[in-house]
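# requesting a structural model of the entry that follows:
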Amino acid sequence: MTRLGFHCHGLDHFGKVILSNGLRRGEFYNFPPDSLPELRREIGRHNLLASIHAPLTRLSWYPTPPTISFLCDVDPELRLLSLKMIQETMELAQDFGAEYVVVHFPVPPSTPVRGIGYDELRDVAWRSAVALADISRKHGLPIHIEGFGPSIFLTPDFIVEVTSRLEGLHYCFDIGHMHIAARRDGFSLYEFARKLAPHIGSVHMWNNRGIRDYLTFGHIPIHPSQRPEDGWVDIDRILRLIIAGNPDCRIILESSSRYPEALGGHDFRDGVEWTKDLIAASS
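Model (predicted):
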């Protein structure tokens with residue numbers, strides 16, 4: 001099964017989350033620059049398929065956390081900062097032979113937008129999407145945009161327009177963050193997934209019962225004990241929806257390898273095997 005991989009941000013858990021689970025794919029993020037040669041060797045030695053979550057390396061000049069994105073900011077200098085980070089990531093991704101790069105967009109603006117109308121904000125977001133498509137075309141490498149946080153552009157209409165009209169852009173559906181957004185904004189997570197499925201290039205998988213879980217535990221590993229009636233995402237249902245609409249999408253487990261003790265302290269590897277079974281049943 002080559003479509004399933006695990007998010008990895010250090011060589012210290014490369015073997016634990018990818019190799020020990022018999023996976024053939026990894027998504028790599030925020031590595032120390034001096035570890036890249038060894039990472040490249042390990043990917044080649046184990047014949048892994050790879051994707052990159054921007055940024056691939058820890059950058060001294062980019063703000064913390066490195067996943068922050070300024071692509072919806074009205075300040076052009078901030079947008080250029082994100083685009084510079086993405087450009088450097090794309091160059092490294094080419095060198096690594098990555099299949100695609102994940103970039104956070106659309107996102108909430110980090111600067112005040114009071115008094116600025118929707119049309120102007122949409123123009124900013126659209127120009128950033130065009131810039132991403134240009135970078136994708138320049139490097140011959142797809143970009144998967146991942147919507148994050150409260151954003152007026154985290155809607156099926158905007159995302160479908162971007163991914164339909166701009167070649168090289170696909171959507172990265174983050175199950176955990178989209179569940180939080182659905183509860184916050186009052187839409188159906190499953191209907192959102194159904195509408196976007198043909199435009200989804202990859203899926204990030206982790207779970208929660210709402211924003212409090214995320215703030216307390218971060219990205220909780222997928223596990224078969226997580227019952228939808230208790231507030232968890234119905235993983236079986238959402239995978240079936242997405243795979244039915246897009247059989248070729250990549251699926252990345254984007255969580256810690258430690259299951260919170262307060263929630264049962266389960267073995268995260270049980271969730272990996274469960275996910276394998278769900279994908280096989282949905283394909």
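
# for residue 170, which three-state class applies?
strand (DSSP: H, G, I helix; E, B strand; the rest coil).

# would you agree it is in contact with residue 198?
No - using Cβ atoms under 8 Å, residue 170 is not in contact with residue 198, being 10.0 Å away. Every residue, glycine included, has its C-beta placed from N, CA and C.

# so between those two, which is more surrounded?
Between residue 170 and residue 198, residue 170 has the larger neighbour count (other Cβ atoms under 10 Å), namely 23 against 15.

# tell me what that one is bridged to.
residue 144 (DSSP bridges).

# if I pick it, what's in contact with it?
100, 142, 143, 144, 145, 163, 199, 200, 201, 202 (Cβ atoms under 8 Å, 6 or more residues apart in numbering).

# dump the residues you listed into TSV; add distance to residue 63 and neighbour count as well.
Below are the contacts of residue 170 laid out as TSV (distance: Cβ to Cβ, whole Å; neighbours: other Cβ atoms under 10 Å):
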residue	distance to residue 63	neighbour count
100	24	21
142	26	18
143	21	28
144	22	27
145	20	26
163	27	22
199	29	21
200	29	22
201	27	22
202	25	26
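
# ok, of those residues, which one's closest to residue 108?
Residue 108 lies nearest to residue 145 out of the contacts of residue 170, by Cβ to Cβ, at 14.4 Å.

# and the pLDDT for that closest one?
As predicted, residue 145 sits at a pLDDT of 98.

# pLDDT weak spots in this protein?
For the chain, the stretches with pLDDT under 70 are 1.

# surely residue 78 and residue 110 touch.
Yes - counting by Cβ under 8 Å, residue 78 does reach residue 110; the two are 7.1 Å apart.

# touching both of those two, which residues are there?
residue 70.

# the more surrounded of those two?
In this view residue 78 and residue 110 are compared by other Cβ under 10 Å, and residue 78 has more residues nearby, 19 against 15.

# which residue comes closest to the more buried one once chain neighbours are left out?
Leaving aside its chain neighbours, residue 78 sits nearest to residue 70 (3.8 Å; criterion: Cβ to Cβ, 6 or more residues apart in numbering).
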